[in-house]
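> give me the fold of what follows.
(4 chains)
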2 protein chains.
Amino acid sequence: MMTTSHGRRATIRDVALAAGVSISTASNALNGQGRTNAETRDRVKHIAEKIGFRPNALARGLLSRRSHSIGMITNDTYGRLTLPMTAGVSEALVDHGVSVFLCATNNDPRLARLHLEALLDKQVDGIIFTATRLDLAPQVDLSRLPIPVVYAFAEGPETSVSFVPDDHQGARLAVEHLLSLGHRRILHITGPEDFAAVRRRAAAYRACLGGEGEVMFGPWGEDWGHEAVHRILTRPEPRPDAIFCGSDETARGVIDALRDHGLSVPGDMAVVGFDNWHVVAAQTRPALTTIDMGLKELGRRAGLAMLDLTQGKPVESGINYIACELVVRASCGTDLAGQSLMSS
Amino acid sequence: MMTTSHGRRATIRDVALAAGVSISTASNALNGQGRTNAETRDRVKHIAEKIGFRPNALARGLLSRRSHSIGMITNDTYGRLTLPMTAGVSEALVDHGVSVFLCATNNDPRLARLHLEALLDKQVDGIIFTATRLDLAPQVDLSRLPIPVVYAFAEGPETSVSFVPDDHQGARLAVEHLLSLGHRRILHITGPEDFAAVRRRAAAYRACLGGEGEVMFGPWGEDWGHEAVHRILTRPEPRPDAIFCGSDETARGVIDALRDHGLSVPGDMAVVGFDNWHVVAAQTRPALTTIDMGLKELGRRAGLAMLDLTQGKPVESGINYIACELVVRASCGTDLAGQSLMSS
DNA sequence: ATGAAATGCTAAAACCTTTTATCACTTGAG
DNA sequence: CTCAAGTGATAAAAGGTTTTAGCATTTCAT
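Numbering: from 1, shown residues only, chains lettered A, B, ... in the order given. The predicted structure is shown next:
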């Protein structure tokens, strides 16, 4: 990382001076624009390299009207969902020289407005909105901005571009896994019904069971897992032989409660979680078989869409569903039987 | 968020035109610089407001050599530590119009270099380096940059400015809490000894016990909690009456293992964790009494230091230790006795 | 030999804002 | 009445880059 002798960064003027050409020629040579003699081009490039010249993105952006930066607005301070997605976005964009401003609004409209204004002032090329739940609206109006907006883990208005996990497919993956292992009396213990994701997973669960099945809605968290297990064990038979949980935390509560009641997992009851939140899923005993929402991939896709939009390429509006993946650990027993059944 | 009729953002030229003054006068009026008639000033300001003029930060930054943005480089894709800190940084800076580029390097030197170059090109005013553990070096050389660097949850070279949690004080808080509740045989179960934080907490623990005490080092994670408890319960007496754990995950493993062995918490054994990682601490049964490292505050302090540095104000170099806080939940029993003991 | 086309380079404009130096005009003092 | 000082406004430069239009000069075809 070289700098000029007097501390300022080298400019294209320095390059031109050292190469004995005009600024325009230096620019043309470096960017391969216009007509330039091959010998001159190589000389300029070599000198630029030597004095460590890198173009000032501010000046460049001022002229091109593209700042090569985008803003990411999230209501999440906690990071479970946001950071994997941001990493995906960033990964898709860094190779194109685009950097990401991360703005946590903490659900405060004032903060949201402040951040948005700062972003617009900085001439960001676009904005990605992200939330902790699908059905959460931004705290500021993003619908009339002069720059493209992409929604990640959130659903924007009709005409916008959104990326969300495929909750239907994810839930199906979980239930079919249990079915393939021979379970037939599958119960669904999940979060509050007013979450869109909860409703979708429950609907897919019911569809897999031909409209049958039982869904227990409740608060997020492990406590509800304990509570729900207590209820089903203290009521008349028949008992379920497998439980599909709406979150890993719930699943952990369920498994702990089953153990407290002397039931073994997966021996007496198979359990599937949802989220693949590593700290929960991998530490549960037995480790959780669960559904991964592919948040990093979701972020990557959102980033690529943003890239296209900022380059003026057309992007189909609407909701893109990102496939979930089944992560097999120990809470349903070995998957071997199921796999061979599937592939036959 | 208004725009000019033909879609482009309003510039100061538009304001000047509408107010019937020159561009310089408009600028002077808006910024309160130079000599301006009060009447003119108000008129210009009013018109600027009406057409939604906001100065282009790129143009402004080009001239002032301050982009009002900083870069944050982290090796963390997961977010447990990074996001609260970023939120703190952002919170300290947003009111000053400074936005934060978040760059996750995923421990990849190539990615780190790519991000750093993008940041420098964008003329960021400074860089905050953050890591998942205190004793992790950046994957790129940050020591010879033309802009200030602040280390958050990481220790930079001698002459730099660093912010880290006060592990000594945090550990002391935990042990003194146990002492105040009457416990005397306190065991420390913690992470791998090659972590700086682990060594510090262990040292403070020993100091509190007058050089006595027993430290069990092991891998992070719940499994080690189980394993460690198994060891102490299968060896000769005397048993400890309290356990100070080096992380909430370990504490959770410890508590689960104690329950498996028929011991109650806090009845038979008091347990303190470290991290106040909500998903673990709040969901453990009983909920964990633990140490909060104040990561958001740490980020805020780092942000404020960065602000001073970018404004040319002197900032004392060296390591700043951010105080930890004791969060009392249920795993040590009620705190009432202890509190009154302390205050007497 | 002449006109046309290709080649290599450059001056200048543009992007938007802030600051400096300067101008025209008014007021006050001597 | 004259000179000095003060007032309100502005033209121009600066910041770093890219692009457009144009200038010489050479090459080619006729």
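> ok, the closest residue to A:Pro109 other than its chain neighbours - contacts?
Nearest non-adjacent residue to A:Pro109, counting by CB to CB, 6 or more residues apart in numbering or on different chains: A:Gln139, 4.3 Å away. From N, CA and C alone the C-beta is placed, and that goes for glycine too. Each residue near A:Gln139 by CB atoms under 8 Å, 6 or more residues apart in numbering or on different chains is listed here: A:75, A:105, A:107-109, A:112-113.
> of those, which is the nearest to B:Ala228?
Closest to B:Ala228 out of those is A:Asn75 (38.9 Å), distances taken as CB to CB.
> is it true that A:Leu178 touches A:Pro266?
No: look at A:Leu178 against A:Pro266 with CB atoms under 8 Å: they stay out of range, at 10.2 Å.
> what do the two both touch?
Shared contacts of A:Leu178 and A:Pro266, defined by CB under 8 Å, 6+ apart, comprise A:Cys332.
> quick one, which of the two is more surrounded?
A:Leu178 (23 against 19; other CB atoms under 10 Å in any protein chain shown).
> okay, buried residues for whichever helix or strand the more buried one is part of please.
Assignment of secondary structure by DSSP states H and E places A:Leu178 within helix A:167-180. Within helix A:167-180, the residues that count as buried by 16 or more other CB atoms under 10 Å in any protein chain shown are A:167-175, A:177-180.
> could you export the residues you listed to CSV, including columns for distance to B:Pro219?
Formatted as CSV, these follow (distance: CB to CB, whole Å):
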residue, distance to B:Pro219
A:Asp167, 35
A:His168, 38
A:Gln169, 36
A:Gly170, 31
A:Ala171, 34
A:Arg172, 36
A:Leu173, 31
A:Ala174, 30
A:Val175, 35
A:His177, 30
A:Leu178, 32
A:Leu179, 37
A:Ser180, 34
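> in CSV: those, plus pLDDT.
Shown next, in CSV, are those (pLDDT from 0 to 100):
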residue, pLDDT
A:Asp167, 98
A:His168, 97
A:Gln169, 98
A:Gly170, 98
A:Ala171, 98
A:Arg172, 98
A:Leu173, 98
A:Ala174, 98
A:Val175, 98
A:His177, 97
A:Leu178, 97
A:Leu179, 96
A:Ser180, 95
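> continuing past the helix holding A:Leu178, what's the next helix or strand?
As assigned by DSSP H and E, the chain's next helix or strand after helix A:167-180 is strand A:186-190.
> what residues does that next one touch?
A:175, A:178-179, A:198, A:201-202, A:205, A:209, A:213-218, A:224-225, A:228-229, A:232, A:240-247, A:250, A:254.
> check those against DNA strand C, which are close?
Applying CB under 7 Å from any atom of the strand to those, one finds that nothing falls near DNA strand C.
> from the residues you listed, list the buried ones, please.
Buried, going by 16+ other CB under 10 Å: A:175, A:178-179, A:198, A:201-202, A:205, A:209, A:213, A:215-218, A:224-225, A:228-229, A:232, A:240-247, A:250, A:254, out of the contacts of strand A:186-190.
> tell me which of the residues you listed fall in strands.
A:215-217, A:242-245 (DSSP state E).
> which two in those are spaced the farthest apart?
Between any two of these, the greatest separation by CB to CB is 18.4 Å, found for A:Phe217 and A:Ala242.
> domain parsing of chain A, as residue ranges.
A:12-55, A:64-157+A:295-322, A:167-289+A:328-343 (automatic domain parsing).
> make a markdown table from those domains and add distance to B:Tyr151 to it.
Formatted as a markdown table, the domains of chain A follow (distance: least, CB to CB, whole Å):
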| stretch | distance to B:Tyr151 |
| --- | --- |
| domain A:12-55 | 24 |
| domain A:64-157+A:295-322 | 19 |
| domain A:167-289+A:328-343 | 26 |
